[in-house]
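Student: have a look at this fold, sequence not included:
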């Protein structure tokens, strides 16, 4: 075979990197409540990705949200948990969120009406911490979105990683399990939040 | 054959760059290595006919061209439009470390999105240039005995 180095170097590096990552994180990767386990289980039952967008116009009220609060949205059959999307409320009816085409972006909160299920979460920490989290997330506008961005990486983001990082830098960790990724459900189950309001039905 | 080899390299570089991004900054090393390897592979096309070199440069990025066309035209074969940007993002993982350096958000889309759209042509041109006998690395082929293997 000509130039076998060219063909073998990346499979070899992939194998080495995968072994090292698994060795360092085996307790969470194989944990039934870990993201990896949940995703594989979902994938095996035919659910891949963020679920199936369905026509919807929910009537949730966004009143009472404070900058730094969290908004979660869910499509049916999301592979990585109950909620498929997360955003950080920054005030004046706007949120910071992550999309594959728009990157980390500032949008109107109104588009969360497209989700059949929505939850508003009050982050129950000092207002200064919330402001600092909002400021950090704002600095990342325009940054690159990558669906499977590792928490530990520094220049790729997804919708929940940006919020996790914004708060983690202020000493508030929404992922005490130290998983490789942060799913939106981590915010819902965190002791740092309380539910303000939620609409929609489970499926 | 070279197109298949490039495809093989690209797919495994996808995994390598992604996994290396677990360690902040390491993905750049994998991304540099990727460019070196595809350049080495393209050198094996030197001496082939122009048409064969162009075919090889285009064929290995065919999925990316398809996703780019879908995104630009709104074409929705098999309800794939909503997933095209995800597929293109995954496909271009070996280039993501470079794309993440583009920080502008003043346009309709962030700069990296436009970078994704032009990534397939850039990779094709890259391979075509390295397969061209006019490139300054032409001597490399002879020095290291890279043999001809068209398309």
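Tutor: Right, received. Where do you want to start? As the structure is a computational prediction, the values presented were derived from the model and not from experiment.
Student: am I right that residue A:155 sits in a helix?
Tutor: No. Counting by DSSP: H, G, I helix; E, B strand; the rest coil, one finds residue A:155 to be coil, located in no helix.
Student: quick one: contacts for it?
Tutor: Residues near residue A:155 by Cβ atoms under 8 Å, 6 or more residues apart in numbering or on different chains: A:143-144, B:24, B:97, B:100. In this view, the C-beta of every residue, glycine as well, is placed from N, C-alpha and C.
Student: now do the closest residue to chain B within chain A, the pLDDT please.
Tutor: Of all residues in chain A, residue A:142 sits closest to chain B, at 2.7 Å by Cβ to the nearest Cβ. Residue A:142 is assigned 92 on the pLDDT scale.
Student: that one: what's it in contact with?
Tutor: By Cβ under 8 Å, 6+ apart, the neighbours of residue A:142 are A:103-105, B:103-105, B:110-111.
Student: next one: residue B:84
Tutor: Neighbours of residue B:84 in contact, by Cβ under 8 Å, 6+ apart: B:67, B:70-71.
Student: which SSE is residue B:16 in?
Tutor: helix B:2-20 (DSSP states H and E).
Student: and if you look at residue B:120?
Tutor: Using DSSP H and E, the element containing residue B:120 is helix B:111-131.
Student: report the buried residues of the lowest-mean-pLDDT helix or strand in chain A.
Tutor: With mean pLDDT, DSSP states H and E as the measure, the helix or strand of chain A carrying the lowest mean pLDDT is helix A:35-44 (a mean of 86). The neighbour-count check on helix A:35-44 (16 or more other Cβ atoms under 10 Å in any protein chain shown) flags A:35-36, A:38-39, A:42 as buried.
Student: and the residue lying closest to residue B:27 once chain neighbours are set aside, what pLDDT?
Tutor: Leaving out its chain neighbours, the residue that sits closest to residue B:27 by Cβ to Cβ, 6 or more residues apart in numbering or on different chains is residue B:21, at 4.0 Å. pLDDT, residue B:21: 97.
Student: quick check: what element follows the helix holding residue B:16 along the chain?
Tutor: Counting by DSSP H and E, the element after helix B:2-20 in chain order, helix or strand, is helix B:26-43.
Student: which other helices and strands does that following helix contact?
Tutor: Applying 3 or more Cβ pairs under 8 Å, 6 or more residues apart in numbering or on different chains; DSSP states H and E, one finds that helix B:26-43 makes contact with helix A:4-29, helix B:2-20, helix B:96-99, helix B:111-131.
Student: who touches the third one?
Tutor: By Cβ under 8 Å, 6+ apart, the residues outside helix B:96-99 that reach it are A:144, A:146, A:155-156, B:17, B:21, B:27-28, B:30-31, B:89, B:92, B:112, B:115-116, B:119.
Student: mind doing that once more with 10 Å?
Tutor: The contact list for helix B:96-99 (Cβ atoms under 10 Å, 6 or more residues apart in numbering or on different chains) reads A:144, A:146, A:149, A:153, A:155-156, B:14, B:17-18, B:20-21, B:25-32, B:34-35, B:89-90, B:92-93, B:110-116, B:119, B:122.
Student: residue contacts, residue A:6?
Tutor: Each residue near residue A:6 by Cβ under 10 Å, 6+ apart is listed here: B:5-6, B:8-9, B:36-41, B:44.
Student: who does the least confident helix or strand of chain A touch, helix- and strand-wise?
Tutor: Helices and strands touching helix A:35-44, by 3 or more Cβ pairs under 10 Å, 6 or more residues apart in numbering or on different chains; DSSP states H and E, are helix A:4-29, helix A:185-188.
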